[in-house]
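S.K.: coords please:
(2 chains)
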Amino acid sequence: MEELIGLLAWGKDGWGDELATGAWLTIRLALATLPFGLFLGFLLALARRSDEPELVAAANVFVTVFRGLPELLTILIIYIGLDLLINEVVQLFSGERWELSKFVSGMVALGIVNASFSSEVIMGALKAIPAGQVEAARAMGLSRFYTWLFIVLPQLIRHALPGLGNLWLLLLKETALISVIALDDLMRQTNIVVGATKEPFFFYAVTCFIYLFFALASSVVLGGAERWANRGQER
Amino acid sequence: MSTVDITAVERPEVSSGRPWTTGRVVGIGVLALYALIAFFLIRMIVVNYDTEFVGRYLPRMLGGLWITIQLCTSAIVMGAVIAFPLALARTHTSRIIRGAAYGYVYFFRGTPLIAQAFLVYYGAGQFRPVLQDWGLWWFFRDAYNCALFTFTLNTAAYQAEILRGAIANVHKGQWEGAHALGLSKLITYVRVILPQAFITALRPYGNEIIFMIKGSAVASIITVFDLMGETKLAYSRSYDFQVYLWAAIMYLAMVEVLRRCWDKLEVRLTRHLKRSEE
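M.R.: Residues are numbered from 1 along each chain as shown, chains lettered A, B, ... in the order given. Here you go, the predicted model:
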């Protein structure tokens, strides 16, 4: 057992620093994906609530496709397909090959999956805000922008936070799939370490606990955020 | 005397169809983009159509599809068997049992499925002598069994949470009513509580099955030749992107068919809760 713990040491003798670099990349990837996914999800939610049937159809097709595909397949399709597409376009203008960064394609793939799911949550949250809130704000002479900023947004955040929190936890776990396109995240670093040490059970267990720790830390932050968002609600 | 110039009279504008709002323009633009992408993809498939290629890889991929269906069905059914006692353990009066069940659920819901699959598949290889002693090695030697084992434990954790929530959702008066009628605890569960809980659980259960189908693609990473595994193999041999499109269509069809059927099932099972139309 002590031997195994020794393997987690920092520096040349242990593998702790390798795991830490992987974990750091996982966190960076998840944090970079989140704003992209939320923004796209918000646009999708607005489009799906719009009065224009064409816009609704366009958003629905997007959501249906990316909610139904396995994340693993989405990642591979984006990584290979986007690369093909970009190079097809680039070739029209210049003969050079253009390398798509793995980090960016991972971010795009996870982001569009996250956006498809978060559009659902945001739509639900928008529906939960009574129409009277907006009407009253407009009647009081608030501009459309201020109505949005001070009346709709705070309530939207309150209603959407639990759902979006779950999606964040899902996103953290999905980042592990990025290891299939050889991006050195926590999962792939663990595979490398296992290959070198021949201690699969121990290191995969350690990695599981690192993911659990991320989930736990996120729950604490999300719990705080929910309390903050609900601060005006007396029960 | 002046005459009214008939042509100068302003008439209300005749609206010709719907106005071109930004939303409509964007919507049509995006739809046109989809059409363009679909055109190129279909062209790619048609131009590269090769009877030999299709004949070689399509049957294999359909075989993979069948493996995926088998894997998911077995995992869901066996997971359900574990989920039920687990859901009861989550609300048990003993703190130890409750804690153990909570730990199990938290572990499987908090870690990536791919990490769990690696833990079981490669971890089992490490404990080979022990497993051989116990006579379990034949099971864990096969990647398919390891995937099935992992998926069963994983979905059991999710299903237990769905069940627990649904049981807790049944109104307390139902328990009291059954008790007042002199029904035993078992009968109350089977005849009163569970039927109501299942209706609440129906929608999340459908989502869980869809998540299982999508998640099962992970099995390909531990060398199971499910739909995803066959697809990756075909791509690594042919470097033809269209195999990924076939796989995407198959997965989408599976998920959509299930979703439609589930919606029908839900309407059917909850028809007694709908108020009749006037």
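S.K.: Would you mind measuring from A:His159 to B:His272?
M.R.: For A:His159, the distance to B:His272 (Cβ to Cβ, to the nearest Å) stands at 31 Å. For the C-beta atoms, the positions are set from N, CA and C on the backbone; glycine is no exception.
S.K.: who has more neighbours, the two?
M.R.: Neighbours were counted for A:His159 and for B:His272 using other Cβ atoms under 10 Å in any protein chain shown; A:His159 has more, 18 against 6.
S.K.: and the helix or strand encompassing that one, anywhere near chain B?
M.R.: Using DSSP states H and E, A:His159 falls within helix A:153-174. Yes - applying Cβ under 8 Å from any Cβ of the partner chain, one finds helix A:153-174 touching chain B at A:Leu169, A:Lys173, A:Glu174.
S.K.: ok, and the closest non-adjacent residue to the second one?
M.R.: Read that as A:Lys173. Counting by Cβ to Cβ, 6 or more residues apart in numbering or on different chains, A:Lys173 lies nearest to B:Pro112, which is 4.2 Å off, once chain neighbours are set aside.
S.K.: What is the burial count for the one you found?
M.R.: Counted with other Cβ under 10 Å, B:Pro112 comes out at 24.
S.K.: wait, it sits on A:Tyr211?
M.R.: Yes - using Cβ atoms under 8 Å, B:Pro112 is in contact with A:Tyr211, at 6.0 Å.
S.K.: Determine the residues that are contacts of both of these two.
M.R.: Shared contacts of B:Pro112 and A:Tyr211 (Cβ atoms under 8 Å, 6 or more residues apart in numbering or on different chains): A:Lys173, A:Ala176.
S.K.: Could you list the residues in contact with the helix holding A:His159?
M.R.: A:26, A:30, A:33-34, A:37-38, A:71, A:110, A:113-114, A:117-118, A:120-122, A:124-126, A:128-129, A:133, A:211, A:214-215, A:218-219, A:222, A:225-226, A:229-230, A:233, B:110-113.
S.K.: And stretch A:67-74, by the same measure?
M.R.: For stretch A:67-74, the surrounding residues in contact (Cβ under 8 Å, 6+ apart) are A:66, A:77, A:109-110, A:112-113, A:116-117, A:174, A:177, A:180, B:210, B:213-218, B:220-221, B:228, B:231, B:244, B:247-248, B:251-252, B:255-256.
S.K.: Between the two ends of it, how far is it?
M.R.: With Cα to Cα, to the nearest Å as the measure, the first residue of stretch A:67-74 is 10 Å from its last.
S.K.: before we move on, the earlier item: can you tell me how far the residue nearest to A:Lys173 is from A:Leu25?
M.R.: 15 Å.
S.K.: Surely B:Val120 and B:Thr150 touch.
M.R.: Yes - taking Cβ under 8 Å as the definition, B:Val120 is a contact partner of B:Thr150 at 4.8 Å.
S.K.: Show me the shaky parts of chain A.
M.R.: Low-confidence regions of chain A, defined by pLDDT under 70, span residues A:1, A:234-235.
S.K.: Please go through it and pick out the longest helix.
M.R.: Identified as the longest helix of chain A according to DSSP state H is helix A:16-49.
S.K.: Name the helix or strand for B:Arg56, please.
M.R.: Using DSSP H and E, B:Arg56 sits in helix B:51-90.
S.K.: next helix or strand past that helix?
M.R.: As assigned by DSSP H and E, the chain's next helix or strand after helix B:51-90 is helix B:95-110.
S.K.: Quick check: buried residues in that following helix?
M.R.: Residues B:Ala101, B:Tyr104, B:Val105, B:Phe107, B:Phe108, B:Arg109, B:Gly110 are the ones in helix B:95-110 that count as buried (16 or more other Cβ atoms under 10 Å in any protein chain shown).
S.K.: now the closest residue to B:Arg109 other than its chain neighbours: how far from chain A?
M.R.: Nearest residue to B:Arg109 in three dimensions, chain neighbours excluded: B:Ala157, at 5.5 Å (Cβ to Cβ, 6+ apart). According to Cβ to the nearest Cβ, to the nearest Å, B:Ala157 stands 13 Å off from chain A.
S.K.: Please enumerate residues in contact with stretch B:91-107?
M.R.: By Cβ under 8 Å, 6+ apart, stretch B:91-107 touches A:Cys208, A:Leu212, B:Leu86, B:Ala89, B:Arg90, B:Ala157, B:Ala160, B:Glu161, B:Arg164, B:Ile167, B:Ala168.
S.K.: which SS class is B:Trp20?
M.R.: Classification of B:Trp20 using DSSP: H, G, I helix; E, B strand; the rest coil returns coil.
S.K.: before we move on, the earlier item: just want the angle from whichever helix or strand comes after the longest helix of chain A to helix A:16-49.
M.R.: Using DSSP H and E, the helix or strand that follows helix A:16-49 in sequence is helix A:53-68. Put simply, helix A:53-68 runs at 150 degrees to helix A:16-49, going by axes from the mean of the first three to the mean of the last three Cα atoms, to 10 degrees.
S.K.: any idea how far helix A:53-68 is from the chain center?
M.R.: On the basis of Cα atoms, centre = their mean, to the nearest Å, helix A:53-68 sits 19 Å off its chain's mean C-alpha point.
S.K.: can you check stretch B:31-40 too?
M.R.: Averaging C-alpha positions (Cα atoms, centre = their mean) puts stretch B:31-40 27 Å from its chain's average.
S.K.: Can I get that stretch in CSV? Just the C-alpha atoms.
M.R.: Taking C-alpha atoms only, stretch B:31-40 is exported to CSV below (Å, rounded to 0.1, in the frame of the first residue of the first chain):
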residue,chain,number,x,y,z
LEU,B,31,-32.3,26.0,-42.6
ALA,B,32,-30.6,26.7,-45.9
LEU,B,33,-27.2,26.0,-44.2
TYR,B,34,-28.5,22.6,-43.0
ALA,B,35,-29.7,21.9,-46.5
LEU,B,36,-26.3,22.8,-47.9
ILE,B,37,-24.6,20.5,-45.3
ALA,B,38,-27.1,17.7,-46.0
PHE,B,39,-26.5,18.2,-49.8
PHE,B,40,-22.7,17.8,-49.4
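S.K.: Residues contacting it, please?
M.R.: By Cβ under 8 Å, 6+ apart, the surrounding residues in contact with stretch B:31-40 are A:Glu54, A:Ala57, A:Ala58, A:Val61.
S.K.: What about chain B: which of these touch it?
M.R.: For chain B, the contacts drawn from the contacts of stretch B:31-40 by Cβ under 8 Å from any Cβ are A:Glu54, A:Ala57, A:Ala58, A:Val61.
S.K.: Please name the nearest non-neighbouring residue to the third one.
M.R.: With Cβ to Cβ, 6+ apart as the measure, B:Val30 is the residue that lies nearest to A:Ala58, at 3.9 Å, once sequence neighbours are left out.
S.K.: Now do the helix or strand where that neighbour lies against helix A:53-68, angle only.
M.R.: Here B:Val30, judged by DSSP H and E, is contained in helix B:22-47. Angle of helix B:22-47 versus helix A:53-68, following the same axes, to 10 degrees, is 50 degrees.
S.K.: follow-up on the earlier one: and the gap between the residue nearest to A:Lys173 and A:Met187?
M.R.: 7 Å.
S.K.: same question, B:Met61
M.R.: In this view, B:Met61 and A:Met187 are 26 Å apart by Cβ to Cβ.
S.K.: cool, A:Ala59 as well?
M.R.: Applying Cβ to Cβ, the value for A:Ala59 to A:Met187 is 32 Å.
S.K.: from memory B:Arg203 sits against B:Glu266, does it?
M.R.: Yes - in this structure B:Arg203 lies within contact range of B:Glu266 using Cβ under 8 Å: 6.7 Å.
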